[in-house]
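Engineer: how does the following fold in three dimensions:
(one chain, ligands or ions: 1)
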Amino acid sequence: MSANPTEPLLAPAQDPERIARMFPAEFVWGVATSAFQIEGSVAGDGRGPSIWDTFCARPGTILDGSDGREACSHLTRWESDLDLLVALGVGHYRFSISWSRVQPNGHGPWNDTGIAFYDRLVDGLLARGIKPHVTLYHWDLPEALQQRGGWQSRETVADFVGYARRMGALLGDRAATITTHNEPWVVATLGHREGIFAPGLRDRRVAAQVSHHLLLSHGEALTALRADGVRSQLGIVLNQAPVHSATALMEDRAKAQLEDGELVRWYMDPLLKGAYPADVLEHLGADAPQVLPGDLERIRVPLDFLGINYYTRNIAIAQGAYDPSSSGLELTDMGWEVYPTGLTELLTRLQRDYRLPPIYITENGAAYPDQCIDGVVHDDARVRYLASHIEAVAQARQAGVDVLGYFAWSLLDNFEWAHGYTKRFGIVHVDYRTQARTPKSSAVWYRALQKATRERSAGVVLRVLDREPS
Ligand code: FCB
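Structural biologist: Reported below is the predicted structural model:
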């Protein structure tokens with residue numbers, strides 16, 4: 001037994017000191033959350049409704065019939081949540097701003113109470129020695145903009161730039177990084193093609209147009225923030241994965257090639273090469289987005305960093321559905337394969353195919369059916385998941401990929417979109433009845449990893465000083 005009941009029982013593979021030795025002193029360790037998933041208080045203080053409020057209210061959209069009304073009550077508990085970050089030794093915090101909290105209709109008047117919240121949150125982080133990493137858009141479009149066509153409409157691009165500039169003026173001298181969009185593939189594909197996320201549309205042509213407007217709004221916002229003199233590093237976050245073919249059959253391999261185009265190249269190519277991939281354009285045919293002259297130049301603006309969210313690999317199959325349990329790999333509570341080498345594979349492939357800016361792993365983590373028993377949550381499977389993926393990052397770095405940091409998803413168990421509260425991704429357990437927070441073994445382990453990195457760097461300095469001539 002370990003001395004502390006929440007300390008995980010570690011195999012050598014998860015030894016934090018061994019893993020810390022793979023990273024330089026300045027490597028960024030953080031945790032991530034997003035506004036709609038944790039804040040609650042959706043109706044108070046002048047916040048306008050977002051498309052996720054509307055979507056949750058539609059019967060059958062959310063697995064447990066829940067919504068974001070309470071979530072983790074972070075809006076009222078933010079100070080103790082920041083204290084929790086300190087207790088967990090976390091130096092970097094990635095969170096998102098709820099657009100409709102700061103600008104209820106997505107254009108027009110600002111909501112001072114909402115703006116004051118993020119102002120205080122950022123000051124609260126800095127006062128605790130924690131670096132803020134701000135995401136402007138983590139999927140919660142103001143409902144008023146959706147009424148006007150949402151991301152399908154080019155007007156929303158201009159609205160987003162206005163919102164970005166206001167947030168840049170507010171936080172651009174205090175936030176370490178500002179991300180325009182989180183996972184535009186999810187917004188376009190799950191929100192507008194498959195209809196399983198807000199706003200719940202099922203239209204391939206609309207989805208393609210939405211993806212183009214998201215990218216355009218990213219490029220235009222970045223240019224505007226730079227012109228405004230914002231000091232934060234600026235970038236975008238993409239969800240990516242290697243796409244493997246289920247079999248060696250030609251038809252499955254062709255499907256894998258297309259899915260790689262839709263997931264990886266559709267976003268990476270315009271951002272870094274200034275063009276959409278020809279094979280995906282051909283596949284879309286008449287459903288390809290309307291791209292106006294100059295749009296591609298506006299999208300391809302230099303990135304200070306690229307954020308990558310990685311959870312598992314994708315398997316492509318031409319006919320029917322792939323059954324993840326057939327691989328024999330361990331599965332998480334989402335039914336996703338635990339596949340750490342996919343992260344090294346992805347990063348080294350991106351390095352080969354693109355001229356990459358510095359990379360942050362902005363999300364990585366796993367859901368498990370954790371239970372809090374007598375105030376203790378043993379989540380050793382999550383420790384194994386995190387350790388193996390962090391080691392996969394170290395391997396990519398060794399292969400020459402410039403990865404600057406890693407953010408665990410997530411600080412807290414939270415509202416997991418269409419899965420409601422049924423999936424727990426946190427390194428801290430949340431009891432939704434009482435809102436009690438209980439750090440899991442993984443949080444204790446992550447703290448040890450960060451401490452070991454810091455102490456290691458102190459050791460390096462001492463060794464250098466030892467060698468100074470007297
Ligand atoms: C990512 C989302 C994040 C969370 C994780 C599990 O796609 O960015 O909000 O839901 O998945």
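Engineer: where does the stretch 51-200 of the chain come near the ligand, residue by residue?
Structural biologist: Within the stretch 51-200 of the chain, the residues that sit near the ligand (C-beta under 6 Å from any ligand atom) are Asn182, Glu183, Val186. For glycine as for every other residue, the C-beta is placed from the backbone atoms N, C-alpha and C.
Engineer: try it again at 8 Å.
Structural biologist: Neighbours of the ligand within the stretch 51-200 of the chain, by C-beta under 8 Å from any ligand atom: His138, Trp139, Asn182, Glu183, Val186.
Engineer: can you check the stretch 301-450 of the chain too?
Structural biologist: When proximity is defined as C-beta under 8 Å from any ligand atom, the stretch 301-450 of the chain approaches the ligand at Asn309, Tyr311, Met334, Glu363, Gly365, Ala367, Trp409, Ser410, Glu416, Trp417, Lys423, Phe425.
Engineer: give the buried residues for stretch 227-236.
Structural biologist: Within stretch 227-236, the residues scored as buried using 16 or more other C-beta atoms under 10 Å are Val230, Ser232, Gln233, Leu234, Gly235, Ile236.
Engineer: contact partners of that stretch?
Structural biologist: Residues from elsewhere that reach stretch 227-236 (C-beta atoms under 8 Å, 6 or more residues apart in numbering): 134, 165, 168-169, 171-181, 184, 218, 222, 225-226, 271, 303-307, 357, 360.
Engineer: distance between it and the chain's centre?
Structural biologist: 19 Å (C-alpha atoms, centre = their mean, to the nearest Å).
Engineer: give me the number of neighbouring residues for Asp279.
Structural biologist: Residues within reach of Asp279, counting by other C-beta atoms under 10 Å, total 15.
Engineer: from memory it sits against Glu259, does it?
Structural biologist: No - Asp279 is beyond contact range of Glu259, at 11.1 Å (criterion: C-beta atoms under 8 Å).
Engineer: what is the neighbour count of Gln371?
Structural biologist: Gln371 sits with 11 neighbouring residues when counted by other C-beta under 10 Å.
Engineer: cool, the one 5 residues further on as well?
Structural biologist: Burial of Val376 is recorded as 15 neighbouring residues (other C-beta under 10 Å).
Engineer: what about it, distance to the ligand?
Structural biologist: The spacing between Val376 and the ligand, counted by C-beta to the nearest ligand atom, to the nearest Å, is 24 Å.
Engineer: per-residue confidence for that residue?
Structural biologist: Turning to Val376, the model gives it a pLDDT of 96.
Engineer: do the same with Val157
Structural biologist: 99.
Engineer: just Ile19 next, same as before
Structural biologist: On the pLDDT scale, Ile19 gets 97.
Engineer: ok, it - how many residues close by?
Structural biologist: 22.
Engineer: any idea how far it lies from Trp29?
Structural biologist: 11 Å (C-beta to C-beta, to the nearest Å).
Engineer: which neighbours do those two share?
Structural biologist: Joint contacts of Ile19 and Trp29 (C-beta under 8 Å, 6+ apart) are Leu449.
Engineer: His213 - that's part of a strand, no?
Structural biologist: No - assessed with DSSP: H, G, I helix; E, B strand; the rest coil, His213 is helix; it does not lie in a strand.
Engineer: what sits against the residue nearest to it when sequence neighbours are not counted?
Structural biologist: Using C-beta to C-beta, 6 or more residues apart in numbering and skipping the chain neighbours, the partner closest in space to His213 is Trp151 (5.0 Å). Contacts for Trp151 (C-beta under 8 Å, 6+ apart) come out as Leu141, Val187, Ala188, His192, Gln209, Val210, His213, Leu214.
Engineer: over to Trp151: give its phi and psi.
Structural biologist: In terms of degrees, to the nearest 10, the main-chain angles of Trp151 are phi -70, psi -10.
Engineer: distance of it relative to the ligand?
Structural biologist: For Trp151 relative to the ligand (C-beta to the nearest ligand atom), the value is 17 Å.
Engineer: Ser100 now?
Structural biologist: Applying C-beta to the nearest ligand atom, the value for Ser100 to the ligand is 17 Å.
Engineer: how about the contacts made by that residue?
Structural biologist: Ser100 is in contact with Arg47, Gly48, Pro49, Ser50, Gly106, Asp140, Leu141, Pro142, Glu143, Ala144, counting by C-beta under 8 Å, 6+ apart.
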